[in-house]
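K.L.:
Structure for this input, please:
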Amino acid sequence: MNKLTRLQKRQLSAVGVRRWRMAPRPEQRGLLPNLSVVRLVARNRLLPGVLVWARVPFEDNILYKIRPAVVLGCRGRDVVILPCTSSPARHRRIDQPIELMDVETAGLRRPTAVRRTALSVDLVDVLTVIGELSDTDRRRVLCAAVVSRLAA
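P.N.:
As a prediction, the model looks like this:
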């Protein structure tokens, strides 16, 4: 007679449970992009005022962080971006980031500010397009970017 122990029964009943638990629910599919897959974003979509997910390098290190960014322009393989931040410490920054008023239109889920320091990243570091800034946010961000470029 084949009797299974309690541990063997539990192991048999747990087959595929982890995979099922880790699979995205139907209502979550399509909400978050898969950032581990590299697909080039078409350069004609990288217009000023477009929000993208990008690999933003740290200032003092070769590492990077994936964060939203506003595109300022695209020339060849170089994309000029303004990184965004949702950290509560953004209100204490010296360079005073520009707070976005219409976050939902931009495709973001929480209050976010755009830093005034422009960065140049490679086209491969732009992962996907999130959305576009509203007209008022676009004017505020792009004008502030031009002013900070002239001041530098």
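K.L.:
Hmm, Pro97 is touching Arg115, no?
P.N.:
Yes - with contact defined as Cβ atoms under 8 Å, Pro97 reaches Arg115; the gap is 4.8 Å. Using the backbone N, CA and C atoms, a C-beta is placed for each residue, glycine as well.
K.L.:
Next, show the common contact partners of the two.
P.N.:
Thr85 (Cβ atoms under 8 Å, 6 or more residues apart in numbering).
K.L.:
chain center to stretch 88-98: distance?
P.N.:
19 Å (Cα atoms, centre = their mean, to the nearest Å).
K.L.:
do stretch 41-50 as well
P.N.:
In terms of Cα atoms, centre = their mean, the centre of stretch 41-50 is set 15 Å apart from its chain centre.
K.L.:
Render the CA-only coordinates of that stretch in CSV, please.
P.N.:
This file holds the C-alpha atoms of stretch 41-50, laid out as CSV (Å, rounded to 0.1, in the frame of the first residue of the first chain):
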residue,chain,number,x,y,z
VAL,A,41,12.0,53.4,-29.0
ALA,A,42,11.5,55.0,-32.4
ARG,A,43,13.2,58.4,-32.6
ASN,A,44,10.2,60.1,-34.1
ARG,A,45,8.3,59.4,-30.8
LEU,A,46,11.0,61.2,-28.8
LEU,A,47,9.6,64.7,-29.2
PRO,A,48,10.0,67.5,-26.6
GLY,A,49,7.5,67.1,-23.7
VAL,A,50,7.2,63.3,-24.0
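K.L.:
what comes up buried for it?
P.N.:
Across stretch 41-50, burial judged by 16 or more other Cβ atoms under 10 Å covers 41, 46, 48-50.
K.L.:
do stretch 82-91 as well
P.N.:
82-85, 90.
K.L.:
again, but for stretch 103-110
P.N.:
Buried residues in stretch 103-110 (16+ other Cβ under 10 Å): 103, 105-108.
K.L.:
end to end, how far does it reach?
P.N.:
7 Å (Cα to Cα, to the nearest Å).
K.L.:
ok, and the closest non-adjacent residue to Asp107?
P.N.:
Careful, residue 107 is Gly and not Asp. Of all residues beyond its chain neighbours, the one nearest Gly107 is Gly131 (2.9 Å), with distances taken as Cβ to Cβ, 6 or more residues apart in numbering.
K.L.:
Repeat that for Ala144.
P.N.:
Nearest-residue entry for Ala144: Ile98, 5.3 Å, with adjacent residues in sequence omitted and distances by Cβ to Cβ, 6+ apart.
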